[in-house]
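Q: fold the following, please.
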Amino acid sequence: MTGSRRAARVAVWSARVVAVLTAAQLSVGGVAAYAQAPTRGPGPDALQLLVVPAFVSTDKILGCEAANEVRSRLDDDADTKKLWIITREHIDQTLKASGFPPCSPIAATESKQLSVQLRGDAYLDGVATKTPTGVRLEARLVLARDVSAAQPLPPADGQKSSIAARQISRDVQAAMKQLPGETKCFNSARDGKYPDALAAARTAIAAYPPSTLARLCIANTFVAMKAPPDSVVGVVKEILAADPHNHRALELAGQAYYDQKNYDEAVKAWSELIASDPSNTVLVEDVVTKIVQSGHADAALPIVAQAVKDNPGDPKLVGLQYRLLMVSKHYHDAIPVGEEAIKGDTAFADTLFFERQTTAYLSDSQPQKAAETAARGLAKFSANSTLQQLQIQALLASGQTQQATDALKKLLAANPKSPSGWEQLFTAYVNVGQPDSALWALHQAVANGDSAANVARFSLSQGNSWFKKGQPTQNVDTLLVAVKFLAYGDTLNSTPPAKFLLGVSRYTIGAKMDQDASKAKSCDLGKQVQAYWNQATIDLHGGASVNAAAAAQLLGNLQKYSPIVDKQVKQFCK
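A: The predicted structure follows:
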C-alpha cells in the first residue's frame, strides 16, 4: 500500500471516529440536558386544592371515577403558578399510611384533616349520580380551616364523568378567585380590623360574584363587631338562597332572628340546622334549649321527635324529649318516654325524674300511678321531702286518705316547718270530715311559718263551703263550723266577703237560737242570741259592700228584733 493511499484510509477512519464521538457527545449532552430540566410543581404563591379520594355515590365505581376525572381535568386545566392540584399519588400514600382504603368516600372531618396534612388551602367534595342521560356531579369547595365554610358549585351534567368534569374544572377555577380576598377578610376580622375585613370580602365578591365564602366572612365579622341583627340577617339570606343547608349560615340566622325576637323565623332556621346534622346531639340540645327559652316549646317537639327517630336508642335525646314534653305540659305523652329514658340510662332515674313523673301522672288524672311512682322514688330517696309531698298529694287524689294522713304525720314530725305539709294535712282532715282537726292543722301551719294570707285563703274557702251547706236549711251546727273557719280566716286577713258571710251566719244562728230560747225561756240561750246578733251587726257593717241590699235588710231586722231579745234576757235571767 502506497503512503498516499494509507493516509487516505486513516483520514476516513479518523472522520468516522470523530462522527461517532460527536454523536456520543450529543447523546450524553441530551441526557444531561433532560436530567437538568426543572420538575413540575406549584408556583410559590399558588393555592393548593385537594380533590377528595371519591365523591359520594350509591355506585362506588362512579364515585371513585368522578373524583379522579375531576382531579385529572383540573390538573390539566389549572395554571400551576396559581393553582396546584394535589396529586392522586400523594393522596393514596397518605390514606394508606393512615389505614384508609384509597378511592373511597371519607367524612368531612377526615377530608379537612387530609387537606391540612397535604397543605391544601381547600378541598373539593361532591356527589355523583347517574341520570337518564349520563352523569350529574354536584361539587362543593370547602375551606380546609373550617368545614362549615363551603361554596356550592353549579351541578354539572354529561354523558360520562369526564365530560361533566370539564364544567366542574371551569367552575372550581372561577370559585378559587375569591380565596385571596376571603383569607384577608378572615385574618383581618381575627385581628379586630373589621373595616379591612369587610373591604377584603367585597373584593372577593367582585372576583367571584356568587361567593358564599366571602359573604359568610361578612356575616361572621358583623357578629364579631356586634352589628345589629338586621345586618346579619341580610347577609345570611343571600348565603341561604345559594346554599339552603349551609350550617354556619343557619346557625347565624337562628341567633339573629332570636335577637330580633322574631321567634318563628328563628325556629325555622334552627329546624333546618338540626336537619342538616341530625346526629349532632349537642347541637340538638343547644337549639332546643333556645327554642324553649323563646317561649315556643311546642315548636321544638317535632324537631326532637325526628332527632330521636334518626338516632334510635340515644339516651341523651330520649331524655331531652322527655324534659321537653314536661316543659310543654304534654304529660300524657311524656309518661312513656320517661319510662323509656330510665331503661336506656339508669342514672336518669334521679329524684328530679321521679318528681316529674309523679307530677305527670297527677296531671294526667292517674293518681294511683302517681302514688306508685312516688313510692318507687322514695324507695331510692327516702329523705326527699318533695317526693313525700307528691306521694301524699297522690294518695289524697286517689282517695287513700288514711295512708295520706299517716304519711303527713310522719313528714311533719320530721319537718314541722313544712307549710305545704300542714296544708295537705288540713286537706286530708277535710276529706275525712274532721273539721276541728282541719282547723287545728291551719293553726299549726301559721305557727310553723306559713304566711297568714295563704292560710287565710284556705280557712275562708272552707268557711264558705260550710256556709253554703248550712245556710239553705239554716242548720245551726253546720253554720257554727262555718263561723269557726270564717272567723279564723278573718283574724289572719280581714276582708269584706269574710265579714259579710260571718254577719249572715251569726244572724241566722242567733235567729234559730232565739226560737229555742223563747220556747225554753232560757237565760243562757238568750244571752247567746244577744252575743251573736251584736257581733252580726258589726260584721254586716264591715261586709256591706259585698251585698248592700241584703246587709241593709238584715241590719234592719237586727235593729227591730234586738230590743225584744234584750227584754227576754231580762225576763229569763231574773
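
Q: need the residue closest to the centroid of this structure.
A: By CA atoms, centre = their mean, the mean C-alpha position of the chain lies nearest to V288, the distance being 1.5 Å.

Q: from V232, how far out is that residue?
A: To V232, V288 is 22 Å away according to CB to CB, to the nearest Å. From N, CA and C alone the C-beta is placed, and that goes for glycine too.

Q: name the element the residue nearest to the centre of the chain belongs to?
A: In this structure, V288 sits in helix 281-293 according to DSSP states H and E.

Q: counting by contacts, list what that helix packs against.
A: When contacts are defined as 3 or more CB pairs under 8 Å, 6 or more residues apart in numbering; DSSP states H and E, helix 281-293 packs onto helix 247-259, helix 263-276, helix 297-310, helix 315-327.

Q: repeat the analysis, applying 6 Å as the threshold.
A: Packed against helix 281-293 by the contact rule (3 or more CB pairs under 6 Å, 6 or more residues apart in numbering; DSSP states H and E) you find helix 263-276, helix 297-310, helix 315-327.

Q: nearest to A498, out of these?
A: helix 315-327 (38.2 Å; CB to CB).

Q: so which residues make contact with the helix or strand just after that closest one?
A: As assigned by DSSP H and E, the chain's next helix or strand after helix 315-327 is helix 331-344. The contact list for helix 331-344 (CB atoms under 6 Å, 6 or more residues apart in numbering) reads 315, 318-319, 321-322, 325-326, 348-349, 357, 360, 363-364.

Q: ok, now stretch 309-328?
A: Contacts for stretch 309-328 (CB under 6 Å, 6+ apart): 278-279, 281, 285, 292, 297-298, 300, 304, 307-308, 333-334, 337-338, 340-341, 344-345, 348, 356.

Q: check contacts around Q167.
A: Q167 neighbours (CB under 6 Å, 6+ apart): A156.

Q: give me the pLDDT for it.
A: Note for Q167: predicted pLDDT of 97.

Q: okay, now the unreliable bits of this structure?
A: Counting by pLDDT under 70, the chain has low-confidence residues at 1-40.

Q: touching, Q535 and R506? I think so.
A: Yes. Contact criterion CB atoms under 6 Å: Q535 and R506 qualify, at 5.4 Å.

Q: of those two, who's got more company?
A: R506 (28 against 17; other CB atoms under 10 Å).

Q: quick one: contacts for that one?
A: Y532, Q535, A536.

Q: can you name the next helix or strand after the strand or helix carrying it?
A: Assessed by DSSP H and E, R506 sits inside helix 496-520. Note on helix 496-520: by DSSP H and E, the next helix or strand toward the C-terminus is helix 523-542.

Q: which positions in that following helix come out as buried?
A: 523, 525-530, 532-533, 535-537, 539-540, 542 (16 or more other CB atoms under 10 Å).

Q: give me the secondary structure label for H245.
A: Classification of H245 by DSSP: H, G, I helix; E, B strand; the rest coil places it in coil.

Q: that one against D277, yeah?
A: No. Look at H245 against D277 with CB under 6 Å: they stay out of range, at 9.4 Å.

Q: what's the angle between the helix holding V288 and helix 247-259?
A: 20 degrees (axes from the mean of the first three to the mean of the last three CA atoms, to 10 degrees).

Q: list the buried ones in helix 281-293?
A: Per 16+ other CB under 10 Å, helix 281-293 contains these buried residues: T281, L283, V284, E285, V287, V288, K290, I291, V292.

Q: which residue packs closest to the third one, ignoring adjacent ones?
A: Excluding the flanking residues, the one nearest V284 by CB to CB, 6 or more residues apart in numbering is A307, at 4.8 Å.

Q: how many neighbouring residues does that neighbour have?
A: 27.

Q: go on, A453?
A: 10.

Q: related to what we said a few turns ago, any idea how far the residue nearest to the centre of the chain lies from Y258?
A: For V288, the distance to Y258 - CB to CB - is 13 Å.

Q: P132 now?
A: Counting by CB to CB - P132 and Y258 are separated by 44 Å.

Q: so between these two, which is more surrounded?
A: Neighbour totals were compared for P132 and Y258, and Y258 leads with 20 against 4 (other CB under 10 Å).

Q: quick one, what contacts the more buried one?
A: Counting by CB under 6 Å, 6+ apart, Y258 has contacts A266.

Q: and the helix holding R506, how far out from the chain middle?
A: 61 Å (CA atoms, centre = their mean, to the nearest Å).

Q: so which residues of this structure form strands?
A: Here the chain has its strands, by DSSP state E, at 47-51, 83-85, 122-131, 134-143, 150-152, 156-158.

Q: in its sheet, what does the second one sit against?
A: Right, the one you point to is strand 83-85. Using DSSP bridges, strand 83-85 pairs in its sheet with strand 47-51 (parallel).

Q: can I get the partner strand as CSV, trimmed to CA atoms?
A: Listed next in CSV are the C-alpha coordinates belonging to strand 47-51 (Å, rounded to 0.1, in the frame of the first residue of the first chain):
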residue,chain,number,x,y,z
LEU,A,47,-53.2,28.0,46.1
GLN,A,48,-53.4,24.2,46.7
LEU,A,49,-56.5,22.2,46.3
LEU,A,50,-57.3,18.7,47.4
VAL,A,51,-60.0,16.7,45.5
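
Q: quick one: that strand to chain centroid distance?
A: 38 Å.

Q: find the nearest non-adjacent residue to V318, please.
A: In space, V318 is closest to A341, 4.8 Å off (CB to CB, 6+ apart).

Q: which single one of the buried residues of helix 281-293 is nearest to Q568?
A: V292 (71.1 Å).

Q: look up how far R323 lies from the closest one.
A: 9 Å.

Q: may I see the buried residues of stretch 257-272?
A: Buried, per 16+ other CB under 10 Å, within stretch 257-272: Y257, Y258, N262, Y263, A266, V267, K268, A269, W270, S271, E272.

Q: out of the residues you listed, who's nearest A548?
A: Among the buried residues of stretch 257-272, Y263 lies closest to A548 (CB to CB), at 49.4 Å.

Q: quick check, that closest one in contact with A297.
A: No. Applying CB under 6 Å as the test, Y263 and A297 come out as separate, 11.1 Å apart.

Q: for the closest residue to A300 other than its chain neighbours, give me its contacts.
A: Once flanking residues are discounted, A300 sits nearest to I291: 4.2 Å by CB to CB, 6+ apart. By CB under 6 Å, 6+ apart, the residues touching I291 are V267, A299, A300.
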